[in-house]
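J.: below are the sequence and a predicted model for it; my questions follow.
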Amino acid sequence: MNVQFTLMLLTLLTAFALVFNLPFGYLRGGTKKFTFLWFLYIHLPIPFVIALRLLSGFGFKVVPLVLIASIIGQVVGARIYNFKTL
C-alpha cells in the first residue's frame with residue numbers, strides 16, 4: 001500500500017471513530033452513571049469501530065489512536081449534552 005493512502009485511511013478511520021461516538025456520548029450524558037444504559041452507550045460502538053479497523057487492514061498498532069478518538073467522541077458528546085441542558 002502507498003504511504004499516503006495508508007495515512008488517509010488511518011485518518012478516516014480515526015475520524016469515523018470520533019464522529020461515530022459523538023451521539024453515544026450525547027446519549028450517555030443524559031443517563032445516570034453505572035446503569036445498564038450508560039454501560040451500553042459506552043460499549044455499543046466498539047464492535048463497529050473494530051470491524052471497520054479490520055476491514056481497513058490495520059492491525060493492533062493503531063488501536064491506541066482509535067481508542068483515544070473514541071474516548072474524545074464520547075467526552076465531547078457528553079459535554080454537548082451537558083451544555084444544552086444548562
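T.: Alright, I've got the coordinates. Residues are numbered from 1 along each chain as shown.

J.: what strand or helix carries Leu22?
T.: helix 3-29 (DSSP states H and E).

J.: for that helix, give the mean pLDDT please.
T.: Averaging pLDDT along helix 3-29 yields 97.

J.: next helix or strand past that helix?
T.: Next element after helix 3-29 (DSSP H and E): helix 36-43.

J.: now the following helix or strand past that following helix: buried residues?
T.: Downstream of helix 36-43, the next assigned helix or strand under DSSP H and E is helix 46-56. Across helix 46-56, burial judged by 16 or more other CB atoms under 10 Å covers 49, 52-53. (Glycine included, C-beta is placed from N, CA and C.)

J.: next one: stretch 64-84
T.: 66, 69-70, 72-74, 76-78, 81.

J.: show me these that map onto helices.
T.: In helices, defined here by DSSP state H, the members of the buried residues of stretch 64-84 are 66, 69-70, 72-74, 76-78, 81.

J.: need those residues in TSV with pLDDT, can you?
T.: Converted to TSV, these look like this (pLDDT from 0 to 100):
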residue	pLDDT
Val66	97
Ala69	98
Ser70	98
Ile72	98
Gly73	98
Gln74	97
Val76	97
Gly77	97
Ala78	96
Tyr81	95
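
J.: circling back: TSV for the buried residues of helix 46-56, including distance to Asn2?
T.: Listed next are the buried residues of helix 46-56 as TSV, based on distance: CB to CB, whole Å:
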residue	distance to Asn2
Val49	24
Leu52	20
Arg53	19
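
J.: between these, which is nearest Phe34?
T.: Checking the buried residues of helix 46-56 against Phe34 with CB to CB, the nearest one is Val49 at 22.6 Å.
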